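> Generate coordinates for the sequence data below:
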Amino acid sequence: MALSAQGPGGRGRGRRRARRRPLSEINVTPLVDVMLVLLIIFMVAAPLLTVAVPLELPKTDAGSVEQIEEPITVSIQRSGTIYVDEDPATLDQLGPRITAMASNNMERPIFVRGDAQAPYGTVAEVMGRLSATGFTRLNLVTDSAAPQAAVPAAEVPVETAEAQ
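Numbering: from 1, shown residues only. Below is the predicted model of the structure:
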């Protein structure tokens, strides 16, 4: 039995092993997983960040409006309680408070969110106060409803006025 000076694989004793170069590629799979989890979290959290006053908005067929400037939200609950953003307010406080929030910018959009069961008179009073204060961009916020089937023309009563 003879002993060899070479190690396994036939390499000489004095030779060093070739070093492996580090991988220079990024493994994208964990990055995609983290991004998808963040996307889901933001999709769930985004609707919760709107306005905290719980309302049941009326349903309409109107589409959404694109906004450039951050609007001020006035909410009217079913009981008739008025909120400016998330803080309760009286009808008398409404004009001065919103003017201060808008920094005297009467062109700033104001969203009026009235509960579907809120008294119509209260919603009308709020809109009237805001208009009398000088705000020109008042918007009623509603929920978009599914399009309803059109009523046949034969069933719709038509009143005609003849010119005299």
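> Tell me which stretches of this structure form strands.
59-60, 72-76, 82-84, 87-89, 110-114, 138-140, 143-144 (DSSP state E).
> what's the fourth one packed up against?
On a contact count with 3 or more CB pairs under 8 Å, 6 or more residues apart in numbering; DSSP states H and E, strand 87-89 meets strand 82-84. Heads up, the C-betas are built off the backbone N, CA and C, glycines and all.
> now do the fifth one
The contact analysis (3+ CB pairs under 8 Å, 6+ apart) places strand 110-114 against strand 72-76, helix 120-133, strand 138-140.
> repeat that with 10 Å
Here strand 110-114 touches strand 72-76, strand 82-84, helix 120-133, strand 138-140, going by 3 or more CB pairs under 10 Å, 6 or more residues apart in numbering; DSSP states H and E.
> The first one too?
Strand 59-60 makes packing contacts with strand 143-144 when contacts are defined by 3+ CB pairs under 10 Å, 6+ apart.
> Let me see the backbone angles for the residue lying closest to T122 once chain neighbours are set aside.
Distances taken as CB to CB, 6 or more residues apart in numbering place G80 nearest to T122, at 4.7 Å, with adjacent residues excluded. Backbone geometry at G80, expressed as degrees, to the nearest 10, gives phi 100, psi 0.
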